[in-house]
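# this one's structure only:
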């Protein structure tokens with residue numbers, strides 16, 4: 001059985017497109033406030049996963065399955081002390097063709113309480129030809145909060161011949177610690193230029209993704225993903241001919257890796273880890289995420305991207 005969002009106060013309707021508040025009630029993470037208005041809707045299952053796992057799953061979707069030119073979706077999310085919440089989608093977020101210079105926007109501001117875990121694991125954004133899209137996500141953490149954030153985009157509707165054919169894509173992610181102390185500030189901008197197109201710059205890669213892991217509850221996953229990426233990329237790029245000076249006629253031919261990943265830590269005492277990915281196919285990124293986030297099933301009741 002599903003619990004659909006209910007509208008609350010006029011003040012909330014005017015300020016935001018949607019709001020979700022999760023608090024501890026009788027020892028369980030519980031959605032205590034939830035509302036949305038067009039074009040946004042939230043679906044909160046009464047229970048996702050085993051009953052002994054304390055986690056709330058929140059599904060975000062838009063009417064029509066996408067974002068229309070000029071739409072502005074602004075959402076607030078508050079995860080109370082000691083709670084676990086998952087924010088996800090049911091399918092990729094489609095951004096339809098722009099009308100003139102109108103830009104579609106999505107804004108998310110999340111507060112994560114002490115000893116809490118927020119997992120943001122959407123499907124990728126897919127921008128149609130000529131689309132203009134900008135999103136900004138702001139996360140405010142306590143020193144012992146934990147956050148998983150996946151942010152990714154595909155090149156477009158490949159079956160329709162669209163490959164990086166949108167006009168503008170911008171994604172900004174800011175993470176603050178203990179109020180306003182900057183922990184991670186990142187922005188990705190893809191815009192068509194007169195000299196080179198986005199497709200030319202992507203060199204055949206059709207997906208880019210970023211995975212952020214922050215906080216004490218994710219230390220084991222952080223260590224594992226760092227080791228796995230290091231091993232995977234060392235094997236991918238290692239060549240026995242690398243120490244030889246060969247001309248182009250004698251050097252062995254090399255094909256592009258289907259997936260390239262890099263990994264680095266950030267913040268005090270390596271509090272966070274960021275993984276950046278470029279891939280030839282969407283499925284290869286899904287496989288990467290399934291594998292490296294599978295151990296989170298113990299915290300969430302279900303494995304991400306299962």
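Yep, it's here. For clarity, every value in this text was computed on a predicted model and none was experimentally measured. Numbers count the residues shown, from 1 in each chain.

# ranges for the strands of the stretch 51-200 of the chain?
56-62, 66-67, 72-79, 84-89, 93-95, 104-112, 117-121, 125-127, 132-141, 146-154, 168-177, 181-191 (DSSP state E, counting those that start in this stretch).

# Please enumerate the helices of the protein.
If DSSP state H is used as the criterion, the helices of the chain fall at 10-15, 198-202, 219-237, 282-293, 297-300.

# Was I right to think residue 137 contacts residue 108?
Yes. Counting by CB atoms under 8 Å, residue 137 touches residue 108, with 4.5 Å between them. Every C-beta, even on glycine, is put in place using the N, C-alpha and C of the backbone.

# where does the protein have low pLDDT?
Within the chain, the set of residues satisfying pLDDT under 70 comprises 1-15, 237-254.

# let's go with 80 and repeat that
1-15, 47-49, 64-65, 194, 236-254 (pLDDT under 80).

# Give me the distance between the closest residue to residue 53 other than its chain neighbours and residue 209.
In space, and not counting its chain neighbours, residue 53 is closest to residue 301: 3.6 Å by CB to CB, 6 or more residues apart in numbering. As for residue 301, its distance to residue 209 is 24 Å (criterion: CB to CB, to the nearest Å).

# Kindly report the same for residue 231.
19 Å.

# tell me the contacts of residue 52?
The contact partners of residue 52, by CB atoms under 8 Å, 6 or more residues apart in numbering, come to none.

# Distance check, it against residue 147.
With CB to CB as the criterion, residue 52 and residue 147 are 24 Å apart.

# Return the most buried member of the strands of the stretch 51-200 of the chain.
Of the strands of the stretch 51-200 of the chain, the one with the most neighbours on average (mean count of other CB atoms under 10 Å) is strand 125-127, at a mean of 25.

# roughly how far is that one from the heart of the chain?
12 Å (CA atoms, centre = their mean, to the nearest Å).

# what's the answer for stretch 61-75, then?
On CA atoms, centre = their mean, the centre of stretch 61-75 falls 17 Å from that of its chain.

# cool, and stretch 85-93?
The chain centroid and the centroid of stretch 85-93 are separated by 9 Å under CA atoms, centre = their mean.

# Straight-line length of that stretch, end to end?
Terminal residues of stretch 85-93 lie 20 Å apart, using CA to CA, to the nearest Å.

# Just the residues contacting that stretch, thanks.
Taking CB under 8 Å, 6+ apart as the rule, stretch 85-93 contacts 20, 22, 29, 43, 48, 55-62, 65-67, 77, 79, 106, 116-126, 154, 300, 304.
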